[in-house]
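Novice: What follows is a predicted protein model with its sequence.
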Amino acid sequence: MEGETTMRRSPWATLTVLALAQFIVVLDVTIVNVALPDIQKDLGFTADGLQWVISAYTLLFGGFLLLGGRAADLLGARRVFVAGLVLFGATSLLGGLAGSPGLLIAARAVQGLGGALLSPAALSILTVTFEHGRRRNIAMGVWGGLAGLGGTLGVVAGGLLVDSFSWRWVFIVNVPIVVALVAVTPVFVRRSVLHAGDRGFDLLGAVLGTGGLLALVYGVVRAEPAGWSSAEVIGCLVAGVVLLVAFVAVEARVHAPLVPLRLLRNRALSTAGGALALNGAAFLSMFFLTALFLQQARGGSALRAGVEFLPMGGAAIAAAVATTPLVTRFGTRPVQFAGAALNVAGLLLLARAGVHGSYASELLPGLLLFGTGIIGVAVPGQIAAVVDVSAREAGAASGVVTAFYQVGGALGLAVVSTLSTSRATAALASGDAPAEALTAGFHRGLLVAAAFSVATVLVTLASPRLAPTQSQIAEAAATA
């Protein structure tokens, strides 16, 4: 009995549960990308509609991430963690069984909401389970390492599932993992102590902000088939702006805002948020377009596409290990500048890849540079966001820039997908073969993504040069 009690209270057992949950949340972003061509063919997605399989998830995840963190504080982190797991698992099953584009997009949107509940709740549990210091740093390293591994393994796992079974299994595979995690959570994760005091959620702020972003993305996506001057597109864009203005007004007046606007007046945090939003736009766009290019234009299988993405994941993992010491030595701005420059170079190299070109010479160099650069921007950006704010606001600051990353990714993907599709459509109309037309669209999309990375360089130049200490970096990791 004593051994059982010790096992139940073991912080490392708790960490295992939390890290596995975060693993599947990150895995779900990359595992779906390699399944996109099969999803498009099976459910009849249009070229401009396919990006909603990614955007619906990231927009709801980013839009409700801060609300999920607030709910964990006020309702109890374990309770919200389990609720997020159940929602994530149920919508994974619904997505795997979806028989139409609309049902799959709806499932992905609610799946993103589930991720927005469980992810901050899991991090909250982790930070109270491990005391400040070496043990927490180790736990955060395991947490971050498994999350990075999930992103890397997702492309190969997705390829295996699609080629061996069908695209539906990239969603269904989550279900047994979620069932197991829900079953063991009461055993290994302690019940949370509820926070006393104000119990406001600012649900209105979350709905207005997310609704405004959805309207903007929908307007951009519909611009290709309907035209920028159409009433539908103009109406969506205007509605998006109105909702976002209302969101800012609510955040300025509500007692407990999701986004404390005073934080955005901090130069380090605002520039870090801008850089991470642009970084997300470049990353999601590149991943989406390259997954389609490798399979639809170059004729590779889903598994082959996953394997071809692996070097980028390996470069990202290596960069994650090397970046923190570089930030300590040189400061945040030089490291972030170098990362953004590598992104530009990687995307420009990828934009030269042809249908029949060699993978080793035309794709691999760009993938390696981009995988390194994306982390070179992300790590110093996350550190810069929290080292220059008070300790009690570090969690809110981290949540804000993480939401910026997700939302920036969705908005950027909408723009890139629209411009890429219009280029491919024009190439087809002029008589190009389908593979060549897809390649033309791929090239344009990557050039737009490279423009996002150039903008990241400019934002980085406007950021302050911070030189955080080891202890400040450890604190940043604990709130990341």
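Specialist: All right, it came through fine.

Novice: In which helix or strand does V26 reside?
Specialist: With secondary structure defined by DSSP states H and E, V26 is part of helix 11-33.

Novice: CA atoms only: put whichever helix or strand comes after that helix into CSV for me.
Specialist: Heading C-terminal from helix 11-33, the first helix or strand you meet, by DSSP H and E, is helix 36-43. Extracted as CSV, the C-alpha positions of helix 36-43 are listed here (Å, rounded to 0.1, in the frame of the first residue of the first chain):
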residue,chain,number,x,y,z
LEU,A,36,-3.7,16.4,-46.7
PRO,A,37,-3.6,15.1,-50.3
ASP,A,38,-5.5,11.9,-49.3
ILE,A,39,-8.0,14.0,-47.3
GLN,A,40,-8.5,16.3,-50.3
LYS,A,41,-9.1,13.4,-52.7
ASP,A,42,-11.4,11.4,-50.4
LEU,A,43,-13.6,14.2,-49.1
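
Novice: Now do helix 36-43: which elements does it pack against?
Specialist: helix 101-129, helix 267-292 (3 or more CB pairs under 8 Å, 6 or more residues apart in numbering; DSSP states H and E). Where you see a C-beta, it was placed from the backbone N, CA and C, and this is true even at glycine.

Novice: Now do it and helix 101-129, the angle between them.
Specialist: 140 degrees (axes from the mean of the first three to the mean of the last three CA atoms, to 10 degrees).

Novice: Endpoints of stretch 325-337, how far apart?
Specialist: 16 Å (CA to CA, to the nearest Å).

Novice: Okay, buried residues for that stretch please.
Specialist: 326-328, 331-333, 335-337 (16 or more other CB atoms under 10 Å).

Novice: any idea where the helices of the stretch 301-450 of the chain begin and end?
Specialist: Using DSSP state H, counting those that start in this stretch, the helices of the stretch 301-450 of the chain run over 302-330, 332-350, 359-362, 364-387, 394-429, 434-461.

Novice: so which of those comes closest to L50?
Specialist: helix 394-429 (7.8 Å; CB to CB).

Novice: Can you pull up the most central residue in the protein?
Specialist: With distances taken as CA atoms, centre = their mean, the residue of the chain nearest its centroid is Q406 (4.8 Å).

Novice: Would you confirm that that one contacts F61?
Specialist: Yes. Counting by CB atoms under 8 Å, Q406 touches F61, with 5.4 Å between them.

Novice: that older thread, name the stretch among the helices of the stretch 301-450 of the chain that sits most buried.
Specialist: Mean neighbours per residue, mean count of other CB atoms under 10 Å, is largest over the helices of the stretch 301-450 of the chain for helix 364-387, with a mean of 26.

Novice: So which other helices or strands are in contact with that helix?
Specialist: helix 267-292, helix 302-330, helix 332-350, helix 394-429, helix 434-461, helix 470-479.

Novice: Output those helices as CSV; include the columns mean pLDDT.
Specialist: Converted to CSV, the helices and strands packed on helix 364-387 look like this (pLDDT from 0 to 100):
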stretch, mean pLDDT
helix 267-292, 93
helix 302-330, 89
helix 332-350, 96
helix 394-429, 86
helix 434-461, 96
helix 470-479, 59
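
Novice: how about these in JSON lines, adding distance to V29?
Specialist: Formatted as JSON lines, those follow (distance: least, CB to CB, whole Å):
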{"stretch": "helix 267-292", "distance to V29": "8"}
{"stretch": "helix 302-330", "distance to V29": "12"}
{"stretch": "helix 332-350", "distance to V29": "18"}
{"stretch": "helix 394-429", "distance to V29": "9"}
{"stretch": "helix 434-461", "distance to V29": "17"}
{"stretch": "helix 470-479", "distance to V29": "21"}
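
Novice: picking up where we left off before, adding distance to L94, write the helices of the stretch 301-450 of the chain out as a markdown table.
Specialist: Shown next, in a markdown table, are the helices of the stretch 301-450 of the chain (distance: least, CB to CB, whole Å):
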| stretch | distance to L94 |
| --- | --- |
| helix 302-330 | 22 |
| helix 332-350 | 34 |
| helix 359-362 | 36 |
| helix 364-387 | 31 |
| helix 394-429 | 21 |
| helix 434-461 | 30 |
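
Novice: quick one: contacts for V241?
Specialist: By CB atoms under 8 Å, 6 or more residues apart in numbering, the contact set of V241 is 212, 216.

Novice: gap between the one helix or strand it maps to and the chain center?
Specialist: In this structure, V241 sits in helix 231-253 according to DSSP H and E. Offset of helix 231-253 from its chain centre (CA atoms, centre = their mean, to the nearest Å): 23 Å.

Novice: Hmm, F61 is touching R108, no?
Specialist: No. Using CB under 8 Å, F61 is not in contact with R108; the gap is 9.9 Å.

Novice: Neighbour count: the two, which is higher?
Specialist: Neighbour count, other CB atoms under 10 Å: between F61 and R108, F61 has more, with 30 against 27.

Novice: related to what we said a few turns ago, tell me the buried residues in the helix holding V241?
Specialist: 233, 236-237, 239-240, 243-244, 246-248, 250-251.

Novice: got it, and stretch 97-114?
Specialist: Neighbour-count burial for stretch 97-114 [16+ other CB under 10 Å]: 98, 101, 104-114.

Novice: repeat for stretch 169-189
Specialist: 169-174, 177-178, 181-182, 185, 188-189.

Novice: And the closest residue in space to I125 that isn't next to it in sequence, what's its pLDDT?
Specialist: Nearest residue to I125, sequence neighbours excluded (CB to CB, 6 or more residues apart in numbering): A77, at 4.8 Å. pLDDT for A77: 87.

Novice: Can you say which of the helices and strands packed on helix 364-387 is nearest to P225?
Specialist: helix 394-429 (8.8 Å).

Novice: If you count contacts, what does that closest one end up packed against?
Specialist: By 3+ CB pairs under 8 Å, 6+ apart, helix 394-429 packs against helix 52-75, helix 203-226, helix 267-292, helix 364-387, helix 434-461, helix 470-479.

Novice: Kindly export the helix holding V241 (C-alpha atoms) in PDB.
Specialist: Taking C-alpha atoms only, helix 231-253 is exported to PDB below (Å, rounded to 0.1, in the frame of the first residue of the first chain):
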ATOM      1  CA  ALA A 231     -19.600  41.600 -51.200                       C
ATOM      2  CA  GLU A 232     -18.900  38.300 -49.400                       C
ATOM      3  CA  VAL A 233     -15.100  39.000 -49.000                       C
ATOM      4  CA  ILE A 234     -15.500  42.700 -48.100                       C
ATOM      5  CA  GLY A 235     -18.300  41.800 -45.600                       C
ATOM      6  CA  CYS A 236     -16.100  39.200 -43.900                       C
ATOM      7  CA  LEU A 237     -13.100  41.500 -43.700                       C
ATOM      8  CA  VAL A 238     -15.100  44.400 -42.300                       C
ATOM      9  CA  ALA A 239     -16.800  42.100 -39.800                       C
ATOM     10  CA  GLY A 240     -13.400  40.800 -38.700                       C
ATOM     11  CA  VAL A 241     -12.000  44.300 -38.100                       C
ATOM     12  CA  VAL A 242     -15.200  45.300 -36.200                       C
ATOM     13  CA  LEU A 243     -15.000  42.200 -34.000                       C
ATOM     14  CA  LEU A 244     -11.300  42.800 -33.300                       C
ATOM     15  CA  VAL A 245     -11.900  46.500 -32.400                       C
ATOM     16  CA  ALA A 246     -14.600  45.300 -30.100                       C
ATOM     17  CA  PHE A 247     -12.200  42.800 -28.600                       C
ATOM     18  CA  VAL A 248      -9.700  45.600 -27.800                       C
ATOM     19  CA  ALA A 249     -12.400  47.700 -26.300                       C
ATOM     20  CA  VAL A 250     -13.500  44.800 -24.000                       C
ATOM     21  CA  GLU A 251     -10.000  44.000 -23.000                       C
ATOM     22  CA  ALA A 252      -9.400  47.700 -22.100                       C
ATOM     23  CA  ARG A 253     -12.400  47.800 -19.700                       C
END
